[in-house]
Each structure stands twice: as C-alpha cells, then as structure tokens.
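[1] build the 3D model from these lines:
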Amino acid sequence: MESLGMARVIQSRPSINPALIKHNSAVIRQLKFSSLCKRRCKNSALRIRRSFSGRSDSKVSASHDESSVVEDEEEEKEEGEEKPLLLAGEMDDSGSLIGFYLIPESGKLVEKHATTDRVEDYEDIEGEEKVQTRASSVIVFVTAEAAPYSKTGGLGDVCGSLPIALAARGHRVMVVSPRYQHGTSENQKFACAVDLNCPTKLFCFGGVQEVGFFHEYRKGVDWVFVDHPSYHRPGNPYGDNYGGFGDNQFRFTLLCHAALEAPLVLPLGGFTYGEKCLFLANDWHAGLVPVLLAAKYRPHGVYKDARSILVIHNLAHQGVEAAITYNNLGLPPEWRAALEWVFPTWARTHALDTGEAVNFLKGAIVTADRILTVSQGYSWEITTSEGGYGLHELLYSRRSVLNGITNGIDVSEWDPSSDKHLDAHYSADDLSGKVRCKISLQKELDLPVRPECPLIGFIGRLDYQKGIDLIRLATPEILEDDVQFVMLGSGNPHYEDWMKATEVAYRDKFRGWVGFNVPISHRITAGCDILLMPSMFEPCGLNQLYAMRYGTIPVVHCTGGLRDTVQHYNPYADEGHGEGTGWTFSPPTKENMLMALRFALQTYREYDSSWVGLMKRGMTSNFTWINAAIQYEQLFEWAFLDPPYTG
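    Numbers count the residues shown, from 1 in each chain. Down below sits the predicted model:
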C-alpha cells in the first residue's frame, strides 16, 4: 500500500500520527535497503536515515541525539521551497521501535509526535481518498504458492490477492514463499526479485541448512522468496510427472523455519518487521509455523506477542510422514505429542504396521491461536466424520476458535468488461458481447457455430474431488440433448484418456482440453452458458465465482463454499421475478446432477427473462477481496484477545 509505505509498519508500539502523515503527504517504501530511502510528495518530503547490521537486532538509528527534543528556532526554508525532513527512530531498552522524530536538515529537532495504532482516513500521493480500516497489523503469510509467482490452484490465488487487499487497507504485509526455479520460462516470474544478500542458517534435518532470501516490493506487499537448491527442479511446487517429490517434508520444513526468521533478520524498508507479527500459515506446508512459535521461540522470549492463524484450504492434504521423521524437524523432543498421528487399523499397510506418523496439519491445529477455513460451510464440514479426514474430533474440540471466510476474486483480472483474453466485452448493463464470446469460443474449439445451442463448461482438476466420476457417468445422457460441452483440466491420466476418447465419439458436441491454459480458461468462462461443478467436497471454489462474474450460470453440488456462494434459483420469489444465482443439488448422484442440469437447460430455452435475471444477479454479487479483507480484520482482532498458545 504505497500511500502509507513505511510510516505505519511497526505495530509493537503505536504508529505515526495519521494527521502528521496526511499533513506531509509523504510515503517511504523499500526499494534497495542499502541506500537512503526517499520519496517526493505533494507538499514536502520525508527521508529515512537508517543503519542496520543485517542481524535480528538491527535498529533504525537517528543521526542526532534521540533523547533530546527541542523546537526549531529559525526557519530553514528557501523562498518557495520547504526543506525535507529526516525521520529518525527511537528505540526502547529491548530494541523495539517506539516512536519517531522529525528532524529538519538543519539538524535541529522538531516536535516529537506521539503515535497511534489506528489508521484512519488518509490520502495517497495522488490525492485519492482511501478506505478507513481497523487497527493496522503486521501480517506474515507463509505459503507454498502465491500467484503470479507460483500457482497450482486456489491456494496460489488466495495468497496472491488477499495480501494486496490487506495492504491496501493499511496493514504491513509480507508473503514468504519458495523461490521455485524450474529451468523454464516460468523462472521469469521471479525476475524482479532482488537477492537481499542475507544468508541465514537454520537447524533441522540433523544439521545446519543455509537459505537465502529474494525480495520484491509490489502493490504494497513485501514478497519474500526463500532460496535453496531443493526448490530448483523441474515440475510444479509439489512434484513432477513421476509423482510427489520425496523430500517435500524437508522442503516445507525449511520454508517454515525461514519464514519465522524473515521478520527478525530482513531489514525491509530499512528496518525489520519485528516480533509482534500475525502469522497466517496456509495449509500443511506452513503447518510447522505455529508449532515452532510455541516450541522454539516463545520459551526464549522471542515472538511472545506474536499470534498465528492456521488457514485450511484443503483438509485432505495433511503432510503425513513416518513417525521417525519427527527428529528431523528441529523441534524439542517434548513436543512430539503435538504432531503424533496414528492411522486407523484399516489404513495400515500390514499387520505389523503400528500406523505411527507425524502430521504437520494436526500440529498446526493443536498450536495455532485461531483456525480459519475458506468458507463458512467448510468450517462446519471439517468437524464431521464425513469431512474431517480423521481430524474431525480435534477440530470439533477447537470449534470456539474456528471460523470460515469465503474467498474473494481479483475483479481487475476477472472483469468481462475489460478482460484482455476476450474477443468481445460486456457487462451487466450490456450483455450483447457475451454471445460474441460464445461464437468466438465455438470457432476456436472447432465446434459448430450455433449461438442458440446451450454450451456447458467444466474447468478444474481431473480427480475424484471435482466430481469427474459423476460427469463421466452422466456424459452420454447429457450429450443426448441438443447441447455442446467443453472441459478444461488435467490430473488423473485415466480421466485425461476418457476426455480424449469422448471427444472422438462426440466430435460435434464435446471438446476435452487436457492441460491448463489461462487465456482459454477465461474464454470458456465467458463463452459458456452453464458451468458444471459437481465437486464431492469444495472448501471454497473459485470457478463458480468467476462464472457468476461473467454471467455464466453455475450448476453445483451443494457443499462447502459452493453452498455459501451459489443461491438456488427460485422462479416464484420476488413477485414472480425470481431469486438466486444458479442451481444446487444434493446428495452428489448422477440423477440429482442431471435433474439440476435439465432445470437449467429448460430455463435457458424457455424463460429468457428469467435467465437474464440469473445472469445479472450473479454479475453484481460482491465477492471482492476487499469484502473478504474486512472480515479478516475482525479475525485479526480476535487473535490478539487471548494469550498466545504456549503448550
């Protein structure tokens, strides 16, 4: 968030008086921390003079005596010009930043301003009024992926967009993720990240591991990438064509250790994030973060005021490894119970298998200060035996700190009125461009150009979770109707082969695109009339949100985030004008899915005004990240109400 920059980054003590920030219209942000940071504003400028040693105890120092405060005795202005001011920090005995001095270049100190921990209305350097926010926080996201640098699914979307929305509301935000190097053009995504020359030693896996840090300041967020040879290999963040990487436990243990060192040792913007951080640990890959806070740092007085929130994007993936690997994690022996996990008898490989293991996600559930899922429906589902994947009893016991917040979408990237991937643009006020998008898609996929024919789409991973078995069983009956069907996705080779065979059998009605392509995903979303999402479970789901934004009607299984975001269509509500944004069905059977799909097709063909109403209600729904960020802020406040977890 460039309009506040460095003037409000330290939250262990109150921050700079907002009135002072607004008066000077000044911003200071990190570009290269080895040089003097300065930035010109409308009326005057602030400059930071700072020094640091690259260690965890690095400080912001003033160039003058920090204990004295005197007033200016004479004007130092040239005619028509104000002299810039120096911004110098005051430290307490523990090394924490507690305030600032504003010093003219004359060297004489001006009034020492008290600080506050609340960011009110303010203006950026262009004069645009910003939104009033809650008390600002120092937030550290820890994640295996963050778009656009790395992405395999919704986790990358969330950790690439939510930090920007929070920074725009006045929070200081860091995202810590691996610096993946695949030896392909994908490496260019990290081209703007600069080596901080801050090698850091971590102890785990029986020895000292050294990692580096790369950094890019973009859209108000500090994007920090952990560099290590284990992240330099072909494939995706988790595996390659031969399966998951065998050293994933090592790779993500390094990530967790490095993420906890980063706020202490990296002088971003001239000084570190400090110890009063709020860590958002995303999925099992970051599951050691709350455990390490409680077991490694707090017993020694470090991060005693920090808090952690575990964000569960998909409970099905838990980071389970053999019990003996606990000794590799860099944790004290007495904390073994936090991660201990025993497989049920039926899940063991043989009669002599004790089923003992370590479970990263279980450890995070035990030690995190709060737990969050990516939809309200999913937060309830994971406390049931059907949706809890063996952790439901533990999650149920922690339900007092368990919440759900529905994901948002990037409305600048997903906007049918300006999408660069579309051949025509449209909006809720002018839908004429949507049929042109449909015709363009039919031509691109070499389908018969029939704008009146309902076009059904599917976008997603080809695996059991996404309900591919339901689609596979129902496809012959779907294609008996006068429809066209296009699927985009990759995953299980069995499903990929089925898609190819179905395309051959139904050449004029079906297209199966194996793989993933961002431009074609946008064009399918815009060109289709109906999006089919029969997921067995769906923590949140983003494709149904994209579809509604583009006037494409979702037909979904009523589960998790799909239940929260898609309102079942009722044609008799609102004095016959109808309400709802799509069709839902439950339980997930072929018959129920076909029934919902037939209702949608009938409405499309016979009730044009009702269909337009569905489109417009979906396109005007509020699923922005700003809306989600406001809800996150409430959760941040709750996280600091109780003492931190200490075991």
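
[2] check which helix or strand covers Leu532.
    strand 530-533 (DSSP states H and E).

[3] for Lys443, same thing?
    helix 432-444.

[4] quick check: buried residues in that helix?
    Residues of helix 432-444 classed as buried: Gly433, Lys434, Arg436, Cys437, Lys438, Ile439, Ser440, Leu441, Gln442 (neighbour count, 16 or more other CB atoms under 10 Å). No exception for glycine: its C-beta is placed from N, CA and C like everyone else's.

[5] go ahead and confirm the first one touches His425.
    Think Gly433. Yes - with contacts counted by CB atoms under 8 Å, Gly433 reaches His425, the gap being 5.1 Å.

[6] which neighbours do those two share?
    Residues touching both Gly433 and His425 (CB atoms under 8 Å, 6 or more residues apart in numbering): Pro416.

[7] pLDDT weak spots in the stretch 501-647 of the chain?
    The model of the stretch 501-647 of the chain has pLDDT under 70 over residues 576.

[8] how about the helices of it, start to end?
    518-527, 543-549, 560-565, 573-576, 590-606, 608-619, 625-639 (DSSP state H, counting those that start in this stretch).

[9] still on that earlier bit, what is the helix holding Lys443 packed up against?
    For helix 432-444, the packing partners by 3 or more CB pairs under 8 Å, 6 or more residues apart in numbering; DSSP states H and E come out as strand 455-459, helix 518-527.

[10] nearest to Gly467 among the ones you listed would be which one?
    Nearest to Gly467, of all the helices and strands packed on helix 432-444, is strand 455-459, at 9.1 Å by CB to CB.

[11] what about the helix or strand just after the closest one, distance to the chain center?
    Moving toward the C-terminus from strand 455-459, the next helix or strand (DSSP H and E) is helix 468-480. Distance of helix 468-480 from the chain centroid (CA atoms, centre = their mean, to the nearest Å) equals 33 Å.

[12] which elements pack onto the strand holding Leu532?
    Counting by 3+ CB pairs under 8 Å, 6+ apart, strand 530-533 packs on strand 455-459, helix 543-549, strand 553-557, helix 590-606.

[13] partner strands of the third one, parallel or antiparallel?
    So the one you mean is strand 553-557. strand 530-533 (parallel), strand 583-585 (parallel) (DSSP bridges).

[14] deepest of these, which one?
    When the strands paired with strand 553-557 are scored by mean count of other CB atoms under 10 Å, the highest mean neighbour count falls to strand 530-533 (a mean of 24).

[15] and the contacts of that strand?
    For strand 530-533, using CB under 8 Å, 6+ apart, the contacting residues are 454-460, 466-467, 471, 525, 541, 543-544, 547, 552-557, 562, 593, 597, 600-601, 604.

[16] what do you get for stretch 498-514?
    With CB under 8 Å, 6+ apart, stretch 498-514 has contacts from 445-448, 462, 472, 475, 479, 483-490, 496, 520.

[17] show me which of those are buried.
    445, 447, 462, 472, 475, 479, 483-490, 496, 520.

[18] in the stretch 301-450 of the chain, which spans are helices?
    336-339, 360-367, 376-381, 392-397, 432-444.

[19] which residues of the protein score low on pLDDT?
    Low-confidence segments of the chain (pLDDT under 70): 1-135, 576.

[20] tell me the first helix or strand C-terminal of the longest strand along it.
    Secondary structure of the chain per DSSP state E: the longest strand is strand 207-218. Downstream of strand 207-218, the next assigned helix or strand under DSSP H and E is strand 221-227.

[21] strand partners of that following strand, parallel vs antiparallel please.
    As assigned by DSSP bridges, strand 221-227 forms pairs with strand 172-178 (parallel), strand 207-218 (antiparallel).

[22] out of the ones you listed, which is closest to Gly582?
    strand 172-178 (32.7 Å).

[23] who touches that closest one?
    8-9, 11, 136-146, 149-150, 159, 163-164, 166-167, 220-226, 228, 231, 237, 251, 255, 258-259, 262-263, 268, 273.

[24] these in strands, which ones?
    Val138, Ile139, Val140, Phe141, Val142, Val221, Asp222, Trp223, Val224, Phe225, Val226.

[25] what's the spacing between the residue found closest to Met619 once you drop the neighbours it is linked to in the chain and Asn627?
    Here the nearest residue to Met619 in space, its sequence neighbours aside, is Ala428; by CB to CB, 6 or more residues apart in numbering that works out to 4.2 Å. Distance of Ala428 to Asn627, given as CB to CB, to the nearest Å: 18 Å.

[26] so for those two, which residue has more residues nearby?
    Taking other CB atoms under 10 Å, Ala428 and Asn627 do not tie; Ala428 has more neighbours (16 against 13).

[27] in this structure that one contacts Gly551, no?
    Yes - with contact defined as CB under 8 Å, Ala428 counts as touching Gly551 (7.5 Å).

[28] any common contacting residues for these two?
    Met615, Lys616, Met619.

[29] with distance to Leu196 and neighbour count as added columns, please give the residues you listed in CSV.
    Shown next, in CSV, are the shared contacts of Ala428 and Gly551 (distance: CB to CB, whole Å; neighbours: other CB atoms under 10 Å):
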residue, distance to Leu196, neighbour count
Met615, 48, 21
Lys616, 49, 16
Met619, 43, 20
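
[30] of those residues, which is the nearest to Ala191?
    Relative to Ala191, the closest of the shared contacts of Ala428 and Gly551 is Met619; by CB to CB it sits at 35.6 Å.

[31] the closest one contacts Ala547, doesn't it?
    No - Met619 lies out of contact with Ala547 (CB under 8 Å); the separation is 10.1 Å.

[32] contacting residues for Trp580?
    Wrong residue type there; residue 580 is Gly, not Trp. The contact partners of Gly580, by CB under 8 Å, 6+ apart, come to Gln567, His568, Tyr569, Asn570, Ala573, Leu614, Arg617.

[33] Arg307 too?
    Contacts of Arg307 by CB under 8 Å, 6+ apart are Leu278, Phe279, Asp369, Arg370, Ala639, Phe640, Pro644.

[34] for it, list each beta-bridge partner.
    Going by DSSP bridges, Arg307 forms beta bridges with Leu278.

[35] with just CA atoms, put stretch 619-627 into CSV.
    Presented in CSV, the C-alpha positions along stretch 619-627 are these (Å, rounded to 0.1, in the frame of the first residue of the first chain):
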residue,chain,number,x,y,z
MET,A,619,-22.6,-10.5,-12.2
THR,A,620,-23.5,-7.9,-9.5
SER,A,621,-22.7,-10.2,-6.5
ASN,A,622,-20.0,-8.9,-4.2
PHE,A,623,-17.1,-11.4,-4.0
THR,A,624,-14.3,-8.9,-3.9
TRP,A,625,-11.1,-9.4,-1.8
ILE,A,626,-11.8,-6.1,-0.1
ASN,A,627,-15.0,-7.6,1.2
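
[36] who's in contact with it?
    In contact with stretch 619-627 (CB under 8 Å, 6+ apart) are residues 131, 161-162, 164-165, 168-169, 406-411, 416, 427-428, 545, 548-551, 565, 581.

[37] show the buried residues in those residues.
    Counted by 16+ other CB under 10 Å, the contacts of stretch 619-627 give 161-162, 164-165, 168-169, 406-410, 416, 427-428, 545, 548-551, 565, 581 as buried.

[38] can you report phi and psi for His285?
    phi -60, psi -30 (degrees, to the nearest 10).

[39] how much space separates His215 from Asp157?
    22 Å.
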